[in-house]
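Asker: coords please:
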Amino acid sequence: MKSLRGRDFRWLLSGRTCAELGNAVAPVALAFAVLDVTGSVVDLGLVVGARSLANVLLVLFGGMLADRLPRSVILQGTEFAAALSQAAIAVSILCGFASLPLLIALSVVNGAVAAVSLPAASSLTPQTVSPNLLAQANATVRIGANLGRFTGAALGGILVGALGTGWAIAANASLFLCASLCYRGIRTTARPAAAARPLAELAEGWREFSSRTWLWAVVAQFCVINAVNAGAVQVLGPLVADHGIGRAAWGFVLGAQTIGSLCGGVLVVRWQPRRPLLIGVAVTFVDAVPLLLLAHAPYLVPLLVAGFLNGIAIELFVVAWDVSLQEHIPADRLARVYSYDLLGSLVTIPLGATVAGPLAEQVGIEPALLGGAALIVLATAGALLSRDIRTLRRKTPEPAS
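Answerer: Numbering: from 1, shown residues only. Modelled structure (predicted):
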């Protein structure tokens, strides 16, 4: 593929892959660590929600920073900080002094670091390839990221089952350190000239965001979907697995989703539809299927198949979304628009993660999961009512590989 010929892009691909590998190990290990320490699904929701809340509070700052400083430098620092925070969690578990307040505090630190890195990571790709290679480059980055996620999810489940949660999180810390070293290899320091007034910059980014119906309608859709998945997959999923298929098998279910994403990435490299956003939004109906199975048929084989199909759908959407933003948003405002996108998509995740446990205790796990699946279907159907989403087209044709 032509995108791989660029040195900066190869280092970006390596860094994103290592980072996603680490990100995949952490949730699996941390979820079971909280259950081991406290035994409470409500406490697990608090830890997940605290990390997400830090994401929400700092993601706009991350967007401003990424439009002011070299994005590769930001990523070096944030991945190193992530390595330190995960190492602290691992030490607390291995040395036996882990507690709910400590896990919440370190999760907040990790969420804050992720908030600063997300806009920089999302907006760095256009600086490493030519415009006509954007879709191919985004798909390639996603393939590497999904390889990392699949390996990490499976490895996380195996490590937790064989060695315990502390060593799994320790391995996670070393992967973030590797990602930081990879980002040091990126030589591009290009960045737009940013205004001196942060509030003016935020207002300019908001105008770009709010003036495009297709943009805010999709963000509204994922405001619902991400909240539901935070509660259903990150909180209720491990609980269902603990009483059914087992912890290691749950890691493989998450890994199956990532294999699907990998296959979806390969598909996107070869298939370039004229209206990718329409297709990407429509296939997110599939997000409801794993929730239905967790409610009615929480068995390994159906969950593996559903995870695989869901992974393909996720990949079709994510690449279509990234290309749409990178082609239709001016480069000097792209990171700030990404930050509003992330803010809208993440703002309800703390609520979803925190409410899932108490809701399941009040109404039962099955009704909670079924209600979440219904919300996903309604949010996706609502987004497809937007004419702008249905008609948005690619700007730049992709060359052959």
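Asker: got the buried residues for the longest helix anywhere in the chain?
Answerer: Scanning the chain for the longest helix, with DSSP state H as the assignment, gives helix 7-38. Buried residues in helix 7-38, counting neighbours by 16 or more other Cβ atoms under 10 Å, are found at 8-35, 37-38. C-beta here means a position set from N, CA and C on the backbone, and glycine is covered the same way.
Asker: shaky segments in the stretch 1-150 of the chain?
Answerer: Under the criterion of pLDDT under 70, the regions of the stretch 1-150 of the chain flagged as low confidence span 1-5, 67, 146, 149-150.
Asker: Rounded mean pLDDT for stretch 162-171, please.
Answerer: Averaging the model's pLDDT scores along stretch 162-171 yields 81.
Asker: what's in contact with that stretch?
Answerer: For stretch 162-171, the external contacting residues (Cβ atoms under 8 Å, 6 or more residues apart in numbering) are 25-26, 28-30, 32-33, 36, 86-87, 89-91, 93-94, 155-156, 159-160.
Asker: now do stretch 52-65
Answerer: For stretch 52-65, contacts defined as Cβ under 8 Å, 6+ apart pick out 74, 107-112, 114-120, 194, 198, 201-202, 205, 230, 335-340, 342-343, 346-347, 349-350, 353.
Asker: same check, this time on stretch 31-49
Answerer: For stretch 31-49, the external contacting residues (Cβ under 8 Å, 6+ apart) are 30, 89, 93, 98-100, 103-104, 107, 160, 165-166, 169, 230-231, 234-236, 238-239, 242, 247, 349-351, 353-358, 360-361.
Asker: Can you go through the residues you listed and name the buried ones?
Answerer: Neighbour-count burial (16+ other Cβ under 10 Å) applied to the contacts of stretch 31-49 gives 30, 89, 93, 98, 103-104, 107, 160, 165-166, 169, 230-231, 234-236, 238-239, 247, 349-351, 353-357, 360.
Asker: Which ones among these map onto helices?
Answerer: Short answer: these in helices (DSSP H) are 30, 89, 93, 103-104, 107, 160, 165-166, 169, 230-231, 238-239, 247, 349-351, 353-357, 360.
Asker: CA atoms of stretch 341-355 as CSV?
Answerer: Listed in CSV are the C-alpha atoms of stretch 341-355, where the atom choice follows Å, rounded to 0.1, in the frame of the first residue of the first chain:
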residue,chain,number,x,y,z
ASP,A,341,-16.8,15.3,18.5
LEU,A,342,-15.1,13.4,21.4
LEU,A,343,-16.8,15.6,24.0
GLY,A,344,-20.3,14.9,22.6
SER,A,345,-19.6,11.2,22.1
LEU,A,346,-18.0,10.7,25.6
VAL,A,347,-20.1,13.1,27.8
THR,A,348,-22.7,10.4,28.7
ILE,A,349,-20.3,7.5,29.1
PRO,A,350,-19.7,8.3,32.9
LEU,A,351,-23.5,8.3,33.3
GLY,A,352,-23.9,5.0,31.4
ALA,A,353,-21.1,3.3,33.3
THR,A,354,-22.3,4.5,36.7
VAL,A,355,-26.0,3.9,36.3
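Asker: Quick one: mean pLDDT over it.
Answerer: Per-region confidence: stretch 341-355 scores 79 on mean pLDDT.
Asker: how far out from the middle of the chain is that stretch?
Answerer: In terms of Cα atoms, centre = their mean, to the nearest Å, the centre of stretch 341-355 is set 12 Å apart from its chain centre.
Asker: in the strand or helix carrying A373, what counts as buried?
Answerer: Element membership of A373, judged by DSSP states H and E, is helix 365-384. For helix 365-384, a neighbour-count test (16+ other Cβ under 10 Å) marks I365, A368, L369, L370, G372, A373, L375, I376, A379, T380, A383, L384 as buried.
Asker: Beyond it, next helix or strand please.
Answerer: Moving on from helix 365-384 towards the C-terminus, the next helix or strand you reach (DSSP H and E) is helix 387-391.
Asker: Give me the packing partners of that following helix, helices and strands only.
Answerer: The helices and strands touching helix 387-391, judged by 3 or more Cβ pairs under 8 Å, 6 or more residues apart in numbering; DSSP states H and E, are helix 213-231, helix 276-282.
Asker: coming back round to it: what are the contacting residues of the helix holding A373?
Answerer: 217-218, 220-225, 228-229, 231-232, 236, 239-240, 278, 281-282, 284-285, 287-289, 291-292, 294-296, 356, 359-360, 389-390.
Asker: Which ChimeraX command selects the buried ones in the residues you listed?
Answerer: Selecting the buried subset of the contacts of helix 365-384 in ChimeraX, with 16+ other Cβ under 10 Å as the burial test, is done by:
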select :217,218,220,221,222,223,224,225,228,229,231,232,236,239,240,278,281,282,284,287,288,289,291,292,294,295,356,359,360,389
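Asker: Thank you kindly, that will do.
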